[in-house]
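**Q** Return a 3D structure for these sequence lines:
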Amino acid sequence: MIGRGIIVNTERSTIVLISKDPAETVRFGRILGEGLIAGDVVALTGELGSGKTCLTQGIACGLGVPENYAVTSPTFTLINEYPGREAPLIHIDLYRLQGAQDLADTGFEEYISGGGVMVIEWAERIPEAIPDGALCVALTYVEENIRKLELSGSRDRIGRWEKSLKEGGC
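**A** Just a heads-up that it's a prediction; the model follows:
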């Protein structure tokens, strides 16, 4: 059974998910990815090893990134781009960047306005770069393989994702 809860805010809502293993984190990502559209931004936060890349692998699956693409964290390349069904997946890792100027040097502005779905790991490193309408996902350790995922975003979008999660996918 998946643990879920809704915390209602006037503008944003939050879903709390408990993942019992990496495969479930990938499944959550797939369901999220199925509901993402070009222009969406997903901001991931959490400690090293908390499941950010695992969730992104599921998002890639949900977006239709072909299985022959190995979705890995772009810690050293900073940005990886993968072809999706409707829009490319732009996967950015901010871990090694020192601030907004470093991010600007990567061509971030072109990517964010380029019509893809952007997933940003270590979003807490440069919070001013995250658009207001982003889906924010905070991943935290609960136990060795168990993670808590707190998804926050617009009430409408969170409501749709909650429905998809309850139904097992889009």
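
**Q** Tell me the buried residues in stretch 124-137?
**A** Within stretch 124-137, the residues that qualify as buried by neighbour count (16 or more other C-beta atoms under 10 Å) are 125-126, 129-130, 134-137. Where you see a C-beta, it was placed from the backbone N, CA and C, and this is true even at glycine.

**Q** Flag the shaky bits of the chain, pLDDT-wise.
**A** 1-10, 75-76, 97, 99, 168-170 (pLDDT under 70).

**Q** What about V117, how many residues nearby?
**A** Number of residues near V117 (other C-beta atoms under 10 Å) recorded here: 25.

**Q** close enough to count as contact, it and L32?
**A** No: at 10.1 Å, V117 and L32 do not qualify as touching, with contact defined as C-beta atoms under 8 Å.

**Q** so what sits against both of the two?
**A** Common neighbours of V117 and L32 (criterion: C-beta atoms under 8 Å, 6 or more residues apart in numbering): 42, 59.

**Q** Show me the strands in this protein, by range?
**A** Counting by DSSP state E, the chain has strands at residues 4-8, 12-19, 41-46, 79-82, 89-93, 117-121, 135-141, 147-154.

**Q** residues in contact with stretch 127-143?
**A** Applying C-beta under 8 Å, 6+ apart, the external contacts of stretch 127-143 come out as 18, 32, 40-47, 50-52, 55, 94, 100, 103, 108, 112, 120, 123, 147-154, 157.

**Q** Could you rerun that using 6 Å?
**A** When contacts are defined by C-beta atoms under 6 Å, 6 or more residues apart in numbering, stretch 127-143 is touched by residues 41-46, 50-52, 103, 123, 147-153.

**Q** just stretch 25-43 next, same as before
**A** By C-beta under 6 Å, 6+ apart, stretch 25-43 touches 17, 19, 51, 54-55, 57-59, 61-63, 87, 115, 117-120, 123, 130-131, 134-136, 161, 164-165, 169-170.
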